[in-house]
Every structure is written in C-alpha cells, then in structure tokens.
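[1] Sequence and predicted structure are below.
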Amino acid sequence: MLNRHHQPLLAGALAVVGGIASQWLVDASPRVMWMLSWLPWLLLPVAWLDSRVYRLNKNSLMVLICLLSYGVIQLRLQAPLSNPDIELQYWVLGIVTPLLLFLADLWPESERFRFSHGAALLAVIVGGLEWGVIVHGEPLHLWLNQWVTVIGGYPQPWVLTLWTALLLGLSMLLHYRRRQGGDSLILPSLVAVLFSLACFDVPAMSATIYTALGGVCLFLLAQHSYNLAFCDQLTQVRNRRSLEASLQRMGQRGIVAMMDIDHFKAFNDRFGHDVGDDVLRLVAQQLETVGHGGKVFRYGGEEFTIIFRSLNRHACIEALEEVRQSIAQYPFMIRGQEEGSPQRITLSIGMAQWRQGAETSEQVIKRADEALYQAKQSGRNCIRVDQPPKRPQRRRAA
Ligand SMILES: Nc1nc2c(ncn2[C@@H]2O[C@H](COP(=O)(O)OP(=O)(O)OP(=O)(O)O)[C@@H](O)[C@H]2O)c(=O)[nH]1
C-alpha cells in the first residue's frame, strides 16, 4: 500500500544510484553507454502511457517533462559544453526543467492534462532553448554575464544544482504537508534532474539516471495498480478482495471480527453524504490502531472487518474493546460546524473464532456477522462473541 515515506525512499535510492553511477560510469565501455542511452527512450514513454491509462495527470506531466529534458540533453547538449550557445541552452534547461516539475506538482490532480498543455510545455522548453541559439551569443550572453559573473559565470553546474536542490527541499515540505501522499513522482524526478545537471560532464550520466527514473516510475505505477486492486479508495484501508486473499492465507485458523457503525443512515441523512464519508475515513484511521496484530479491511458500506492470526481470544477482545472505546470517545467535529458540540460515533462488533478444519471463510464471517447482529440487538456500542470452538473430549483411560 502506498504511504508517504515511499516517495522520499525511492528518491533516496535514486540518489544512491546516481552517486554510484558517477564513479562507475567513468570506466564503463562504450557499448554499455550506448545501451544506457537508449533505455530512457523505452522506459519513460511506457511510464507516460501507463500514467495516462491510470489517469495520473500529474505523473504523466512530470514524465513528459523528464522525457523532453532527456531528449534535449541527448540531441543538443553533449558534454563538454563547447561554445556559449550550448552553455546557454544548458542553463535554460537547468532552470526550466526543475521549475516545470515543481509547478506540475502543484497542478491539481483533477485537472485533465490535455494535448494543448503538452504543446505549450514543448513550446516553453524548445522555444527557450532555441531562443538562446537565435539570439546567438551577443546581447543575451552579455546581459546574462553581467548577472552571473557574481557567481563565477553561467556554466557553473553548482548554481543549477543549488536551484534544483532548493525546489527539491520545497517539494519535500509540500509532500509531507499533504493529507494523502505517495503517488506523485516529484521527488524522484527532481533527484534525476539534479544528478543530470550536477554530473553533466560524467559520460552517460543522464542516460543512467533517467533509466533509473524510468524504473522508479514503473515501480510506482505497479504499486498504484496494486493499490487500486486491494485498497479501498475512500478509507485507504484494505478492501474486500484483499480480505478474501488474507482469509485464504490464514489457513482456517484465527479470529474474525465484523463491525458496523451505529445509526449511520441517520448520521448521513442529518449531515450529508460528504460528512458520512469523513466519518468512514476517521473510523478506518482509528481502527488501524488496533493492537494484537489485527489487520483492518473495509467489508463494504459502513462495515469493517478485523482479522487476527492469534488464537488468544482474550487478547483479541481486549484489542477490540480498546479500539471501540477510542472511537466512542473521539470528539468528531462536523465540517463547517466547528463551533457546535462534537458528535459521537459508536461501533457494534461481533467476533468469531475459526472452528479448525471444519469451516470455510464464508461460514466464519457469517458467525461473526450473527454476533454483530446480537451486539445491535443488545443496544449497540458493544462487542458480542460467538461461542468458542468446543475442545475435543479426552478419552478416559480404561
Ligand atoms: N457517506 C457514505 N454512506 C454510506 C457509504 N456506504 C454506505 N453508506 C450508508 O450507510 C447507511 C447504512 O445504513 P443501515 O444499513 O440502515 O444501518 P444504520 O443506519 O447504520 O443502522 P444500524 O446498523 O442498525 O445501527 C446507508 O444510509 C448507506 O447509504 C459510503 O461509502 N459513504
């Protein structure tokens, strides 16, 4: 499941690859370098296509920016930077690429990325670079030099590295401030750009780092498709399909608890569906704190399931009781009514233990559901436990 530490970890892994590559590539054979130079042409378009299929607009935009940037490096900017035009293009690329990536990250995910946006992007990158060539040295170089002599002339990679690192730091801050994070590519993309600029004179460095970035993009996309298949999109806990897979893996042993939010229909009717959704998210979040190794799933609607591998009934009941109380005591403030008194949400819980060898997962869920029904009948906001499995009777010694 995606979590917010995934992206920084992948960005860190990419930085390690960049660090190792900067040493290793110095002695790499021309054949290896030739192969590496082709890999981003293969991986990045696949990542772009996949992002489009999954409607990950931000990601597709970022992959496109990286692909364009790699194209410019490959087709126009081979090291060493031999004349002022190339130096200028390197500078424009170094300023524009991280800035575009940063802006793409601020792009609202709901906003569809259209071909007109792609064309505008292409115009900014290529136009910016061509502008350097058309104006050809004289006035632009003179003007720019006035400003950049202070920092030692403009082909200085460290200035661009610092600029990219600054945007990387800002993006990291924004990443951790978001409520949900993990599926955007901003941090790995900026790390790739940073290495391609900072180690520009290392042969095949951009090819290597953009190949690694392509791998990271595809890995994140694979994770995203796993998330779509096995994770509930509203509450971000595991979904019913994941529950079925987990029950099969448990091998007909363990404890299953079914739970249902009390009077949820009335809550929805009174405060609206959106507030109802907030309640579902909050309940899921609280349930995730359950102890004793419990795994939380959304069974459907306002019903959740927790499964324990443990056979210790008392420990499981204690863990469930703790979570039930924490939800009942949680002061839930309604959106837009922060001044009013908090609402209380309660759960009814039914628990059943697997009768070893004799039951299917549907049967044990059914018994947990029956116990849940008893909890509802007993006034709600409580736990009811199905009868424990009978111990096999010992034979008396003759
Ligand atoms: N907001 C929101 N509501 C949902 C969702 N899924 C199911 N519901 C609502 O959950 C409510 C379930 O109501 P009931 O099954 O009648 O149960 P209840 O009102 O909780 O009553 P008891 O279970 O008897 O305490 C219905 O109003 C559904 O519309 C969802 O994803 N979001």
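    Structure's in. What do you need? Residues are numbered from 1 along each chain as shown.
[2] closest point of the stretch 201-350 of the chain to the ligand, which residue?
    Closest contact between the stretch 201-350 of the chain and the ligand, by CB to the nearest ligand atom, is at Gly276 (2.6 Å). Every C-beta, even on glycine, is put in place using the N, C-alpha and C of the backbone.
[3] Next, that residue: secondary structure please.
    Three-state call for Gly276 (DSSP: H, G, I helix; E, B strand; the rest coil): helix.
[4] If we ignore the residues flanking it in sequence, what's nearest it?
    Counting by CB to CB, 6 or more residues apart in numbering, Gly276 lies nearest to Asn268, which is 4.1 Å off, once chain neighbours are set aside.
[5] before we move on, what about Ile65?
    Nearest residue to Ile65 in three dimensions, chain neighbours excluded: Leu100, at 5.0 Å (CB to CB, 6+ apart).
[6] Please verify my assumption that the one you found contacts Ala120.
    No - at 10.5 Å, Leu100 does not count as touching Ala120 under the criterion of CB atoms under 8 Å.
[7] before we move on, the earlier item: now the residue nearest to Gly276: which helix or strand?
    helix 264-271 (DSSP states H and E).
[8] now the helices for the stretch 101-250 of the chain?
    In chain order, the stretch 101-250 of the chain shows helices spanning 115-135, 138-148, 157-177, 186-198, 205-230, 240-249, with DSSP state H, counting those that start in this stretch as the criterion.
[9] shouldn't the residue of the stretch 201-350 of the chain closest to the ligand be in contact with Asp269?
    No - applying CB under 8 Å as the test, Gly276 and Asp269 come out as separate, 9.1 Å apart.
[10] Comparing these two, which residue is more hemmed in?
    Shown here are Gly276 and Asp269; by other CB atoms under 10 Å, Gly276 has more neighbours (17 against 11).
[11] Let me see the confidence value for the more buried one.
    As predicted, Gly276 sits at a pLDDT of 93.
[12] swap in the one 5 residues further on?
    We have a pLDDT of 94 for Arg281.
[13] same thing with the one 3 residues further on?
    Per-residue confidence (pLDDT) for Ala284: 96.
[14] what does His224 give?
    Per-residue pLDDT puts His224 at 86.
[15] burial count for it?
    The local packing of His224 (other CB under 10 Å) involves 19 other residues.
[16] again, but for the one 10 residues further on
    Leu234: 12 surrounding residues under other CB under 10 Å.
[17] Buried residues in stretch 294-312, which are they?
    Within stretch 294-312, the residues that count as buried by 16 or more other CB atoms under 10 Å are 294-299, 302-308.
[18] doesn't Asp260 fall inside a strand?
    Yes - under three-state DSSP, Asp260 sits within a strand.
[19] For the nearest residue to it once chain neighbours are set aside, which residues are in contact?
    Closest residue to Asp260 apart from its sequence neighbours, by CB to CB, 6+ apart: Glu303 at 5.0 Å. Residues in contact with Glu303 (CB atoms under 8 Å, 6 or more residues apart in numbering) are Met258, Met259, Asp260.
[20] Can you add pLDDT and neighbour count and give the residues you listed back as TSV?
    Formatted as TSV, the contacts of Glu303 follow (pLDDT from 0 to 100; neighbours: other CB atoms under 10 Å):
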residue	pLDDT	neighbour count
Met258	97	25
Met259	96	27
Asp260	96	20
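[21] Could I get the residues you listed in TSV, plus columns for distance to the ligand?
    Compiled in TSV, those are given as follows (distance: CB to the nearest ligand atom, whole Å):
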residue	distance to the ligand
Met258	12
Met259	10
Asp260	5
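[22] so, if you compare those, which one comes nearest to Val191?
    Nearest to Val191 out of the contacts of Glu303 is Met259 (CB to CB; 42.5 Å).
[23] returning to what we had before: residues near the residue nearest to Ile65, how many?
    Leu100 has 22 neighbouring residues, counting by other CB under 10 Å.
[24] pLDDT score for it?
    Per-residue pLDDT puts Leu100 at 88.
[25] now swap in the one 4 residues further on and tell me
    According to the prediction, Ala104 has pLDDT 85.
[26] residues contacting it?
    Shown in contact with Ala104 (CB under 8 Å, 6+ apart): Lys58, Leu61, Met62, Ile65, Ile186.
[27] Tyr210 too?
    Leu39, Pro40, Leu44, Cys66, Tyr70, Ala192, Ser196.
[28] ok, and the most crowded of these?
    Ala192 (33 neighbours).
[29] Return the distance of that one relative to the ligand.
    Separation of Ala192 from the ligand (CB to the nearest ligand atom, to the nearest Å): 39 Å.
[30] how many other residues sit next to the residue lying closest to that residue once chain neighbours are set aside?
    In space, and not counting its chain neighbours, Ala192 is closest to Leu213: 4.1 Å by CB to CB, 6+ apart. Leu213 has 32 neighbouring residues, counting by other CB under 10 Å.
[31] give the contact list for Leu213.
    So Leu213 contacts Leu14, Pro40, Leu44, Cys66, Pro188, Ser189, Ala192 (CB under 8 Å, 6+ apart).
[32] Surely Thr289 is in contact with Arg324?
    No - counting by CB under 8 Å, Thr289 does not reach Arg324; the two are 11.7 Å apart.
[33] so where is the stretch 101-250 of the chain shaky, pLDDT-wise?
    Within the stretch 101-250 of the chain, the ranges that satisfy pLDDT under 70 run 109-119, 122, 125-126, 128-156, 179-183.
[34] redo that, cut-off 90
    For the stretch 101-250 of the chain, the stretches with pLDDT under 90 are 103-162, 174-185, 196-206, 220-221, 223-224, 227, 247-250.
[35] Could you list the residues of it in contact with the ligand?
    Within reach of the ligand by CB under 6 Å from any ligand atom, the stretch 101-250 of the chain has these residues: Leu234.
[36] that older thread, between Thr289 and Arg324, which one's more packed in?
    With neighbours defined as other CB under 10 Å, Thr289 and Arg324 compare such that Arg324 has more, 22 against 13.
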